[in-house]
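>>> Okay, here's the prediction I keep looking at, along with the sequence it came from:
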Amino acid sequence: MGTKGVLLMKIIAERLRVLRDSIKLSQAKIAVLAGTTQASINRYENEVGAPPLKVLLWYADYFDVSMDYIFGRTDKPQGKLYDFKPKIEDNDDMKQFIEICFDPNSPMSGKLKDTLLQMMKGGGK
């Protein structure tokens with residue numbers, strides 16, 4: 001395992017331990033809740049073994065934290081919040097789609113169509 005893999009295991013181990021400690025549960029009790037064994041929890045928390053995805057997902061769901069948090073990609077338990085902004089300015093297919101969606105005989109449709117096309121150019125922010 002490379003340096004990044006070792007570091008990732010260390011981060012995951014620490015996050016799992018901190019989450020468990022935050023509600024003052026023993027490894028044995030968290031194992032029962034997670035459907036695994038105390039020995040497995042001990043291995044995960046001590047970087048001896050990597051937890052399977054189903055265990056990581058269980059932790060995320062049980063503690064209501066993101067996988068980004070568990071993997072150390074952020075220190076915010078809710079995870080990174082992305083502002084997805086697809087680039088559609090020069091997308092001829094999108095322009096054609098907008099053109100066919102609106103009735104050319106309707107004044108309101110024309111205004112809506114023009115607004116959407118303007119937004120595509122970045123002017124509707």
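Yes, it's here. Residues are numbered from 1 along each chain as shown.
>>> Need the pLDDT of the residue located most distally from the centre of the chain.
Here the chain reaches farthest from its C-alpha mean at residue 105, the gap being 43.9 Å by C-alpha atoms, centre = their mean. pLDDT, residue 105: 75.
>>> Then the one 3 residues further on?
According to the prediction, residue 108 has pLDDT 72.
>>> Just the element for it, please.
Assigned by DSSP states H and E, residue 108 falls within helix 107-120.
>>> re the thing from before, assign a three-state SS to the residue farthest from the centre of the chain, would you?
coil (DSSP: H, G, I helix; E, B strand; the rest coil).
>>> Show me what the helix holding residue 108 is packed against.
helix 92-101 (3 or more C-beta pairs under 8 Å, 6 or more residues apart in numbering; DSSP states H and E). To be clear about C-beta, it is placed using only N, CA and C from the backbone, and glycine gets the same treatment.
>>> Which neighbouring elements make contact with the helix it packs on?
Packed against helix 92-101 by the contact rule (3+ C-beta pairs under 8 Å, 6+ apart) you find helix 107-120.
>>> Only the buried residues of the helix it packs on, if you could.
By neighbour count on 16 or more other C-beta atoms under 10 Å, the buried set for helix 107-120 is 113, 116, 120.
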